[in-house]
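J.: the sequence and its predicted three-dimensional model are supplied below.
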Amino acid sequence: MRDNSVKLQRLIEDLLDYQRALHAPASLEVSTVQLDTLVREVADAHRLAALAKAQRVDLDLAPVTVDADLEKLRSIIDNLLGNAIKFTPAAGTISIVTREAQGAVIIEVIDSGPGVPPVEREAVFDSFFRGRAKAGGRVEGSGLGLAIAREYVEAHGGRIALVAEGPGGHFRVTLPKRPALLVMAEAA
């Protein structure tokens, strides 16, 4: 009963987060974020989950800053890393890479899991979509994490994509260094 209560609480929180994500552009609280520091904090928060599966989380973080909503950016990285840990088998590897390119900041989360089957690639960012069951059984979760991540990325004027190359899951987030709404506000 306690476990079911915890699962229900998590589902309610996911639904509330998703509802807030739908209104994300109107509620961005933008500040300058030191991206490498934020990624380290998120990775540290997931350390025990990764250790429980004997997974290695490699960080290749360029010291870049981005003007973004700190908590929404934290949620994006948290959802991507949480999924990578969930879908990567025991003793697998997860890499997080950050870099700057052509006025944008790029965050990549790459895992050594089974990847996303071609038939699921279009639906992976849809609300309530849960991927095919892992070898170990049913996939836990609400199916809202990537939908929330997509809404938050788009609220910043960015893009999130599943990169099809290579084995495993490979997600790439591309964010402008400064959201368009800030640039427009400064021009006005």
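T.: Here it is on my side, so go on. Residues are numbered from 1 along each chain as shown.

J.: now the most centrally placed residue in the chain, what's its secondary structure?
T.: By C-alpha atoms, centre = their mean, the chain has its centre lying nearest to residue 80, at 2.9 Å. Three-state assignment for residue 80 (DSSP: H, G, I helix; E, B strand; the rest coil): helix.

J.: what segments of the chain are helices?
T.: Per DSSP state H, the chain carries helices over the ranges 2-22, 35-45, 47-52, 70-87, 145-155, 180-187.

J.: mean pLDDT lowest where, among those helices?
T.: The stretch with the lowest mean pLDDT among the helices of the chain is helix 180-187, at a mean of 51.

J.: pretty sure residue 103 contacts residue 174?
T.: No: the pair residue 103 / residue 174 is not scored as a contact, 10.4 Å apart, by C-beta atoms under 8 Å. (Glycine included, C-beta is placed from N, CA and C.)

J.: which one's more surrounded, these two?
T.: Neighbours were counted for residue 103 and for residue 174 using other C-beta atoms under 10 Å; residue 174 has more, 18 against 8.

J.: that one bridge partners, please.
T.: residue 106, residue 159 (DSSP bridges).

J.: quick one: contacts for it?
T.: 104, 105, 106, 158, 159, 160, 161 (C-beta atoms under 8 Å, 6 or more residues apart in numbering).

J.: residue 101 versus that one, what's the distance?
T.: 8 Å (C-beta to C-beta, to the nearest Å).

J.: residue 127 too?
T.: The gap separating residue 127 from residue 101 is 30 Å, by C-beta to C-beta.

J.: looking at the two, which is more packed in?
T.: residue 127 (17 against 10).
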